[in-house]
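A.B. asks: Next one to model:
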Amino acid sequence: MGKIEWAMWANEQALASGLILLTGGIVGVAGQFRGWEFAAYGVAAGVFVCLLEYPRGKKNKGTSVERTGQYCFTVCVKSFGPLTRNYYVRAFLHAVICVPGGFMLATVLGCVCLGIASLIYLAAAFRGEHWEPILPRKDTQKPVVASIKNPPQNPPPRPPPGMHRKRVDDLEDAAYVNPIPVTANEYPVQ
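C.D. replies: As a prediction, this is how the structure comes out:
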């Protein structure tokens with residue numbers, strides 16, 4: 001069995017929890033709940049987490065598929081260097097960010113989800129994983145080699161190579177030779 005890449009799961013969990021925290025914060029601010037200041041913090045924290053977690057990291061094995069429009073966020077996250085590449089830092093950052101969200105009911109779910117993402121990032125850090133950006137590939141054009149020199153002229157189904165019809169002026173000479181003898185009125189008419 002293959003080795004589990006925990007960072008990939010942590011990234012998906014953190015992105016979802018950032019969206020949940022953002023949604024709960026919007027609900028708390030719009031409803032003017034008691035302690036709505038925590039909800040305003042939830043909006044800001046949710047946006048920050050979503051911006052941090054939107055770019056997917058490169059897988060160790062296999063093909064890494066980037067998210068749509070991820071390149072500009074990748075450049076921003078990559079510019080912070082070891083602060084964003086190190087999963088110990090991300091685990092600590094998510095753990096600290098999720099604490100104030102626990103003081104308001106509208107943001108509790110996002111807080112719990114972000115805490116779980118923090119634990120998954122910690123597991124990824126213990127296994128030695130780190131964030132590598134998915135950069136666009138430079139495709140090299142390989143020269144096209146002509147594997148078929150002369151393509152077939154007639155469409156399928158084609159007769160076997162020795163059975164080609166000969167162009168002859170006489171119709172009797174142009175017909176195929178049937179290897180099975182056929183006699184007239186072999187079968188009685190009913």
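A.B. asks: what's the spacing between L105 and Y41?
C.D. replies: Distance from L105 to Y41, counting by C-beta to C-beta, to the nearest Å: 14 Å. Placement of C-beta: from N, CA and C, glycine included.
A.B. asks: Between these two, tell me which one has more neighbours.
C.D. replies: More neighbours surround Y41 than the other of L105 and Y41, with 21 against 15 (other C-beta atoms under 10 Å).
A.B. asks: right, and the more buried one touches V99 too?
C.D. replies: No. If you go by C-beta atoms under 8 Å, Y41 and V99 don't touch, sitting 10.2 Å apart.
A.B. asks: Can you list the residue ranges for helices in this structure?
C.D. replies: For the chain, applying DSSP state H gives helices covering 6-30, 36-53, 70-79, 82-85, 87-98, 105-126, 171-174.
A.B. asks: Nearest to P152 among these would be which one?
C.D. replies: helix 171-174 (21.4 Å; C-beta to C-beta).
A.B. asks: as a whole number, average confidence for that closest one?
C.D. replies: Per-residue pLDDT over helix 171-174 has a mean of 63.
A.B. asks: again with stretch 31-48
C.D. replies: 91.
A.B. asks: Also stretch 105-115?
C.D. replies: Average pLDDT, stretch 105-115: 92.
A.B. asks: Can you give the distance of it from its chain's centre?
C.D. replies: Relative to the chain's own centre, stretch 105-115 is displaced by 27 Å; criterion: C-alpha atoms, centre = their mean, to the nearest Å.
A.B. asks: For that stretch, buried residues please.
C.D. replies: Buried residues in stretch 105-115, counted by 16 or more other C-beta atoms under 10 Å: 106-108, 110-115.
A.B. asks: Kindly present the residues you listed as CSV, with separate columns for distance to E5.
C.D. replies: Below are these laid out as CSV (distance: C-beta to C-beta, whole Å):
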residue, distance to E5
A106, 33
T107, 29
V108, 29
G110, 24
C111, 25
V112, 23
C113, 20
L114, 20
G115, 21
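A.B. asks: need the contact list for the residue nearest the centre of the chain.
C.D. replies: In the chain, the residue lying closest to the centroid (C-alpha atoms, centre = their mean) is V65, at 3.9 Å. Listed by C-beta atoms under 8 Å, 6 or more residues apart in numbering, the contact set of V65 reads R56.
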